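Asks: what would the 3D arrangement of this be:
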Amino acid sequence: MFAEILYPKIVDIPSVSEELRGWNWKNPPVAPLLESIKLGIWEVTSRYCATRYDAYLHRVLKVSPRPTKPMLLGRVVHDLFVETFKCLKKAILEEPKSGSELYYILTSNRKKVVAHTLERFPTNLVDDISCKLNSLYNHLSLQISADYDRLMVEAPRIARPSIADRFLTISCERPVDGSRLGLSSWLMVDIYAPPIGIVEVKTGPLKDFHELSLSGYALAMESSEYAPINFGQLMYVYLNNGIRILRKLVRISDELRKEFLEERDKLMEILYHERDPGLPNECPESCPYYFYCKDGKV
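Replies: So this is what the prediction gives:
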């Protein structure tokens, strides 16, 4: 799995217009409509609420969200990835002689890593998901160790520290400043793995608008680091009926960039004018504002 992050099978690099690169933040269409509003990526791209009433509740009416079970599940899986990578980096520095040795080091830390991941979550969620997180950690450890073995076999003349460096280039929760684009100055990329770029970890069903998140992070990174981001990857993690991980390579094209920027400007207009966008036709129960719309409005 991690080999696909490190060495993606890229056939062609998308042709991106210079005017749609993040470093063109001073000029339209990349320049934000307003400088006074700073948005989170999720606020711009989430379409679970079709009218963006959720953002209106959060920003204008100051209604506090109530995390739902799907949201908590997503957070705990994300946190496990972060803790697993922290453990991996420590293990790699020990320069294990084989994938088996790396796997032993990783799995010997499993209980500690899972327990630390679950510290901040409700007891009812812990009881329900603890076993699944142990399985997920074992699965990730096995995949990482297999990739480590493969690299050592395929490139026996490469010094072991050089092989280790390929894993150490992966970073979790990479901070990104998106303020030049009207976004938060403290965005967090789930996983940053050059050369593929940005990886977002998801736990729910595949949604087309998930690709917009990748384009938002790409634009933000380009605006703050002046380095082109051409690709992203969506990683969907499912824990029911065993561990299943689906990966989707996404080209950060002109079309995707335009769509993100248009959604950003639409939301800014709603928030600046404090215009009530109204309830959507359908309200998913997984929405953190479902309690408000159901009890207070519907």
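
Asks: quick one: the closest residue to Tyr226 other than its chain neighbours from Glu225, how far?
Replies: Distances taken as C-beta to C-beta, 6 or more residues apart in numbering put Trp23 closest to Tyr226, at 5.0 Å, once the chain neighbours are dropped. To be clear about C-beta, it is placed using only N, CA and C from the backbone, and glycine gets the same treatment. To Glu225, Trp23 is 9 Å away according to C-beta to C-beta, to the nearest Å.

Asks: any idea of the mean pLDDT for stretch 18-38?
Replies: In this model, stretch 18-38 has an average pLDDT of 96.

Asks: list of residues touching that stretch?
Replies: 178-185, 218-224, 226, 228-229, 254, 257-258, 261-262, 264-265, 268-269, 271-272 (C-beta atoms under 8 Å, 6 or more residues apart in numbering).

Asks: okay, and which of these map to helices?
Replies: 218-224, 254, 257-258, 261-262, 264-265, 268-269, 271-272 (DSSP state H).

Asks: among those residues, which ones are buried?
Replies: 218-224, 257, 261, 264-265, 268, 271 (16 or more other C-beta atoms under 10 Å).

Asks: my read: Leu256 touches Ser213, true?
Replies: No - taking C-beta atoms under 8 Å as the definition, Leu256 is not a contact partner of Ser213, at 10.3 Å.

Asks: before we move on, the earlier item: and Trp23 and Glu225? which has more neighbours close in?
Replies: Legend: neighbour count by other C-beta atoms under 10 Å for Trp23 and Glu225, higher for Trp23 (17 against 13).

Asks: now do the more buried one against Leu151, distance only.
Replies: 34 Å.

Asks: then Met188?
Replies: When distance is defined by C-beta to C-beta, Met188 is 28 Å away from Leu151.

Asks: need the phi and psi values for Asn134.
Replies: In terms of degrees, to the nearest 10, the main-chain angles of Asn134 are phi -60, psi -40.

Asks: neighbours of it, how many?
Replies: Residues contacting Asn134 under the criterion other C-beta under 10 Å number 16.

Asks: for the stretch 101-250 of the chain, just list every one of the helices.
Replies: 110-118, 123-154, 160-168, 210-225 (DSSP state H, counting those that start in this stretch).

Asks: just checking, Ser223 touches Leu181?
Replies: Yes - between Ser223 and Leu181 there is a contact at 5.5 Å, judged by C-beta under 8 Å.

Asks: any buried residues in stretch 289-296, and which?
Replies: Neighbour counts using 16+ other C-beta under 10 Å place Tyr289, Tyr290, Tyr292, Cys293 of stretch 289-296 among the buried residues.

Asks: contacts only, for Ser15.
Replies: Ser15 neighbours (C-beta under 8 Å, 6+ apart): Asp254.

Asks: try it again with 10 Å
Replies: By C-beta atoms under 10 Å, 6 or more residues apart in numbering, Ser15 lies in contact with Asn230, Arg251, Ser253, Asp254.

Asks: kindly report the same for Val82.
Replies: Contacts of Val82 by C-beta under 10 Å, 6+ apart are Val113, Thr117, Ser171, Cys172, Glu173, Met188, Asp190, Ile191, Val201.

Asks: report pLDDT for it.
Replies: You'll see Val82 listed with a pLDDT of 89.

Asks: sticking with it, tell me its helix or strand.
Replies: helix 69-92 (DSSP states H and E).

Asks: and the angle from that helix to helix 110-118?
Replies: 140 degrees (axes from the mean of the first three to the mean of the last three C-alpha atoms, to 10 degrees).

Asks: in helix 69-92, what counts as buried?
Replies: For helix 69-92, by 16+ other C-beta under 10 Å, it's 71-85, 87-88, 91-92.

Asks: quick check: Trp23 vs Arg150, distance?
Replies: The value you get for Trp23 to Arg150, if C-beta to C-beta is used, is 36 Å.

Asks: now do Gly204
Replies: To Arg150, Gly204 is 31 Å away according to C-beta to C-beta.

Asks: just how off-centre is stretch 180-197 within its chain?
Replies: Mean-position distance between stretch 180-197 and its chain equals 9 Å (C-alpha atoms, centre = their mean, to the nearest Å).

Asks: end to end, how far does it reach?
Replies: Stretch 180-197 has an end-to-end distance of 20 Å (C-alpha to C-alpha, to the nearest Å).

Asks: got the buried residues for that stretch?
Replies: For stretch 180-197, using 16+ other C-beta under 10 Å, the buried residues are 180-184, 187, 189-193, 196-197.
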